[in-house]
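In: Return a 3D structure for these sequence lines:
(2 chains)
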Amino acid sequence: MLALFFIYGICVLLAWFKQRQLAIGLFIALLVATACVFMHHITSQLNLQF
Amino acid sequence: MKALTIVKSIKMLSAIDALGLSFILLIAFVLQIGWHELPCPLCLLQRIGILAIAFGFLLNVQFKIHPSHYTLSLLAALLTAVISARQVFLHITPGDPGYGSTLLGLHLYTWVFLLCVAIIVYIAIVFSISPQYEAVRDKTLRRSSLHVLTHLAFVVIFLLTVFNGISTYLECGFKACSDNPVKYTHSNGIFGKAPRRRATGVYTHSNWIFGKAPRKRATGVYV
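Out: Next up, the predicted model:
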């Protein structure tokens, strides 16, 4: 989780210093990593019945 | 001239959007520090999601407005909506108190879900204003108050990212975060005090929902 904030911080810095392509590339990697961490945390069963 | 006005307005709006999203994160931070409410892993993921939504707006402010910037914000909003919906479903059963305190009768994750839906609708509307994509060369874009607002948005978002990173480190360290956190695992080293209270158990989401107490005592929690 800490790594996600770290990567996001780098993305913001890259965008701030006008490195658009790098920032967007890293940001897409961040989105994928966030989705992976999310998948890791949704293993508990939902208490739903229909 | 008309295109220039639209570009200026959209850039200004994007800066305000980014600052507005950072204000929401600030509220979450105040609740965390003032009310001692530790964010769960899904809550932290939603914080990252909100920051990610703001990133597309930051790109619009800093560079020429481009549809791909809106796409990044849209993807982030979709991901955050899925994460918050998952947390809503975790606490949807009758009698479940939910996670954390409420704000105006709704939990923060419910607010995040509503916010994401609103942002998706908002981007769908703003996305369609075609003059904003025209190439505009004007020196006033760099000299105006927009220039100050751009740097302010970047500073605020970056500082929020740093503070959230520090808070995440204090809560989880470099490991995966506990599903239902009750204390900061790394605050001992910072504040110099070891907690005397023994941890009675680390609840997972499912245990908490089904009302089962964990059989095994957590012994190795403090770092």
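In: I'd like to know which elements the longest helix that chain A contains is packed against.
Out: The helix spanning the most residues in chain A, taking DSSP state H as the definition, is helix A:20-40. Other elements packing on helix A:20-40 under the criterion 3 or more C-beta pairs under 8 Å, 6 or more residues apart in numbering or on different chains; DSSP states H and E are helix A:2-16, helix B:41-62, helix B:67-90. In short, each C-beta sits where N, CA and C put it, glycine included.
In: I'd say A:Ala33 and A:Phe5 touch.
Out: No. Here A:Ala33 lies out of contact with A:Phe5, judged by C-beta atoms under 8 Å, at a distance of 11.2 Å.
In: Name the residue in these two with the higher neighbour count.
Out: More neighbours sit around A:Phe5 than around the other of A:Ala33 and A:Phe5, counting by other C-beta atoms under 10 Å in any protein chain shown; the figures are 24 against 15.
In: if I pick that one, what's in contact with it?
Out: For A:Phe5, the contacting residues are B:Ile48, B:Thr161, B:Asn164, B:Gly165, B:Thr168, taking C-beta atoms under 8 Å, 6 or more residues apart in numbering or on different chains as the criterion.
In: which secondary structure element contains the closest residue to it other than its chain neighbours?
Out: Take A:Phe5 and drop its neighbours on the chain: the residue closest to it by C-beta to C-beta, 6 or more residues apart in numbering or on different chains is B:Gly165, 3.7 Å away. For B:Gly165, the host element (DSSP states H and E) is helix B:145-172.
In: can you pull the buried residues of that helix?
Out: By neighbour count on 16 or more other C-beta atoms under 10 Å in any protein chain shown, the buried set for helix B:145-172 is B:146, B:149-150, B:153-154, B:156-158, B:160-161, B:164-165, B:167-172.
In: what about that helix, average pLDDT?
Out: In this model, helix B:145-172 has an average pLDDT of 89.
In: Also stretch A:28-38?
Out: The predicted confidence, averaged over stretch A:28-38, sits at 93.
In: Not counting it itself, show me its contacts.
Out: Contacting residues not belonging to stretch A:28-38 are listed as A:1, A:3-4, A:7-8, A:11, B:41-42, B:45, B:48-49, B:52, B:72, B:75-76, B:79, B:82-83, B:86 [C-beta under 8 Å, 6+ apart].
In: before we move on, the earlier item: so which of the helices and strands packed on helix A:20-40 comes closest to A:Leu22?
Out: When the helices and strands packed on helix A:20-40 are ranked by proximity to A:Leu22, the top entry is helix A:2-16, at 5.0 Å, counting by C-beta to C-beta.
In: so A:Leu4 touches B:Ile48, yeah?
Out: Yes. Under the criterion of C-beta under 8 Å, A:Leu4 is in contact with B:Ile48, at a separation of 5.2 Å.
In: quick one, which of those two is more surrounded?
Out: Taking neighbours as other C-beta under 10 Å, A:Leu4 and B:Ile48 compare with B:Ile48 leading, 27 against 24.
In: Distance check, the more buried one against B:Val162.
Out: Using C-beta to C-beta, to the nearest Å, we find B:Ile48 at a distance of 13 Å from B:Val162.
In: Over to A:His41?
Out: Separation of A:His41 from B:Val162 (C-beta to C-beta): 23 Å.
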